[in-house]
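> model this:
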Amino acid sequence: MNIFVLLKRTFDTEEKITIAKGAINEEGAEFIINPYDEYAVEEAIQLRDNHGGEVTVVTVGNEEAEKQLRTALAMGADKAVLINTEDDLESGDQFTTAKILAEYLKDKEADIILAGNVAIDSGSGQVGPRVADLLDIPYVTTITNLEISGETVTVVRDVEGDSETIETKLPVLVTAQQGLNEPRYPSLPGIMKAKKKPLEELELDDLDLDEDDVEAKTKVVEIFLPPTKEAGRVLEGELDAQVKELVNLLHKEAKVI
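As a prediction, the model looks like this:
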């Protein structure tokens, strides 16, 4: 089975985000594999172990993403590919990333492509479905269970507190939701083996793409942190008086009624 995982490098979930000169300050920040992508990597490894084949993890970014690719290799992936756009692109968006990934994958004869449901930084959930659309293959999002029998794929997906079961055929793209599995930690032997596993680095020229082909379709107008949350107020006095004061505050200060 030919298995690919779309991986993104994101801020550590414990990282405190700061803004500098209208952009997110990355200096000194810690980065990790996007947590939802970890579910995708784990599921890919389990699929390979159960059905045979090979797992390739792919990311679009700069050379700093090599660390996250090596982590995925240490988890058990077989190969990694870094599509380095640092020298070719000043900016990009979900269309840019999806176009590059689809161009790479178009002749790889993937049986299944796995991605995270969303990235914890942008949270758009667009890249996976966009890639599937460009490759003209079916896709199922937010999956919490995956079974493959021959060419038949049966998935359970999360639908806002409920679930639904969908059956489709290979090739397919799926995006992983929390609960699909429990991602493993890289072991020491896995970390040592990862240093010798192949990591290929490509650029846009290698994919016969230029900047115009992947020009962003959206523009960032402004980046800002949410306002500081004010301290709550405790109402005192008789219950009737508290209710009247609460209604008055909701109407005149909070302006929600």
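
> For residue 181, which non-adjacent residue is closest in space?
residue 42 (4.8 Å; CB to CB, 6 or more residues apart in numbering). C-beta: built from backbone N, CA, C; applies to glycine.

> isn't that neighbour right next to residue 184, touching?
Yes: between residue 42 and residue 184 there is a contact at 6.2 Å, judged by CB atoms under 8 Å.

> anything in contact with each of the two?
Contact with both residue 42 and residue 184 is made by residues residue 75, according to CB atoms under 8 Å, 6 or more residues apart in numbering.

> Comparing those two, which residue is more hemmed in?
Shown here are residue 42 and residue 184; by other CB atoms under 10 Å, residue 42 has more neighbours (21 against 15).

> Give me the phi and psi for that one.
Main-chain torsions, residue 42, degrees, to the nearest 10: phi -60, psi -40.

> same check, this time on residue 142
Dihedral pair for residue 142: phi 50, psi 50, per degrees, to the nearest 10.

> Burial check on it, number of neighbours?
23.

> that older thread, residues in contact with the residue nearest to residue 181?
75, 180, 181, 182, 183, 184.

> And it, how far from residue 238?
To residue 238, residue 42 is 57 Å away according to CB to CB, to the nearest Å.

> How about residue 10?
51 Å.

> For the two, indicate the residue with more neighbours.
Neighbours of residue 10 and residue 238, each counted by other CB under 10 Å, are more numerous for residue 10; the result is 20 against 8.

> From the recorded domain assignment, give the ranges for this protein.
Domain segmentation of the chain under automatic domain parsing yields 2-214, 227-257.
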